[in-house]
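A.B. asks: My questions are about this predicted structure, shown below with the sequence.
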Amino acid sequence: MESALAFIRLLRPINLAIIGVTMYAMRWGLQYTLLSKTNLFTHFDMTEFDFALSTLVMMLLAGAGNLINDYFDVKVDKLNKPDKVLVGRKVKRRVAMLGHHALNVIAVLITAYLGYTYQHYWAVLIPIAMAALLWFYSMTFKRQFLIGNLVVAALVAVVPLWSGIFELSSLTKTISLIGGDPVDFISETNLWLLGYTGFAFLVTLIREVQKDMEDVRGDKIAGFDTLPVRIGIRAGKRYTSVLLAILFAGVIFASFLIQKFYQVEFSLPMFYTMISLCVMLPLVISWFFVRTAKNKSGFTKASKWSKFCMAGGILIAALLPFWF
């Protein structure tokens, strides 16, 4: 029982739950809201069971990535977080490796089924590519200057796009068949999804650098060439501050576009309140902890507030039906 619970901890169930919530926020908060206001078609083509499977694909890939990351990081984790090392102690190394392979295979098989069902055959290449990137990230990319950060940010950014990969293609055909014009709906939905993709990419990139500064001592001993190891903590703080400023400016710009295109049908005061409290405020607090951090604890707090920013963005997507 203890080893089973430890295995579950290795999967990072809270992070997997966040992926699941993100997928459903994109589906029922964002996509359904935009679909409903077109008056073209008011229900999804993709069944709830199939969408749950597509959500499971992302969760399985993330879980597999967590397993292989901990598998290869036993030595450095003993330096950075010795109390949290589970592989080799409570979970056998071969069990972690077998679990990694099993989760990836299941994710690919599910995607093959979905690709066949919705005639999106090439989609199976996505989990294969993600699994490969996570493997090489754990083996080598995370030890290289900036590459590991960019890989993780790109993989997290796939989640919003994945939420519509089967549905939007199917809906395009269905709306056309009933005599409607899907172009505006698809363009608008893709714009929102791309916005969330960029948001997820930047927040994750910021968090990865913050975590590198948090773990700089152990990474330096282990020979990692992370950004703070190469350029130092002070320069790392400046780099993170620039990314936070870019993200802050991006949120303001996106809010301006929303005001321009939805000024009549959108509950703007409530939206701006949510943006301010759930996204901008966590960004400012995260920046404050980065600038004032003098030890590991400060960077840990900064990383947590960046995570709150991500959660706030997801919450806004989930609440979109109440504002249109």
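C.D. replies: Yep, that arrived. Just so it is clear, the model here is predicted, and its values are computed rather than measured.

A.B. asks: Just to check, residue 144 is in contact with residue 225?
C.D. replies: Yes - with contact defined as CB atoms under 8 Å, residue 144 reaches residue 225; the gap is 5.7 Å. (C-beta placed from N, C-alpha, C; glycine too.)

A.B. asks: which regions of the stretch 201-324 of the chain sit below the pLDDT cut-off?
C.D. replies: Counting by pLDDT under 70, the stretch 201-324 of the chain contains low-confidence ranges at 262-268, 324.

A.B. asks: The nearest residue to residue 278 once chain neighbours are set aside sits in which helix or strand?
C.D. replies: Take residue 278 and drop its neighbours on the chain: the residue closest to it by CB to CB, 6 or more residues apart in numbering is residue 312, 2.8 Å away. Using DSSP states H and E, residue 312 sits in helix 296-318.

A.B. asks: Please name every helix or strand in contact with that helix.
C.D. replies: With contacts taken as 3 or more CB pairs under 8 Å, 6 or more residues apart in numbering; DSSP states H and E, helix 296-318 sits against helix 13-24, helix 183-214, helix 268-275, helix 281-292.

A.B. asks: Please save the CA atoms from it in PDB.
C.D. replies: What follows is helix 296-318 as a C-alpha-only set of coordinates in PDB (Å, rounded to 0.1, in the frame of the first residue of the first chain):
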ATOM      1  CA  LYS A 296      15.300  29.200  -1.700                       C
ATOM      2  CA  SER A 297      12.200  30.100   0.200                       C
ATOM      3  CA  GLY A 298      11.700  33.400  -1.700                       C
ATOM      4  CA  PHE A 299      11.900  31.700  -5.100                       C
ATOM      5  CA  THR A 300       9.500  28.900  -3.900                       C
ATOM      6  CA  LYS A 301       6.900  31.600  -3.000                       C
ATOM      7  CA  ALA A 302       7.400  33.300  -6.400                       C
ATOM      8  CA  SER A 303       6.800  30.000  -8.200                       C
ATOM      9  CA  LYS A 304       3.700  29.400  -6.200                       C
ATOM     10  CA  TRP A 305       2.200  32.800  -7.100                       C
ATOM     11  CA  SER A 306       3.000  32.200 -10.800                       C
ATOM     12  CA  LYS A 307       1.000  29.000 -10.400                       C
ATOM     13  CA  PHE A 308      -1.900  31.000  -8.900                       C
ATOM     14  CA  CYS A 309      -1.700  33.200 -12.000                       C
ATOM     15  CA  MET A 310      -2.100  30.200 -14.200                       C
ATOM     16  CA  ALA A 311      -5.100  29.000 -12.100                       C
ATOM     17  CA  GLY A 312      -6.600  32.400 -12.300                       C
ATOM     18  CA  GLY A 313      -6.500  32.300 -16.100                       C
ATOM     19  CA  ILE A 314      -8.200  28.900 -16.100                       C
ATOM     20  CA  LEU A 315     -10.900  30.200 -13.800                       C
ATOM     21  CA  ILE A 316     -11.600  33.100 -16.100                       C
ATOM     22  CA  ALA A 317     -12.100  30.700 -19.000                       C
ATOM     23  CA  ALA A 318     -14.400  28.500 -16.900                       C
END
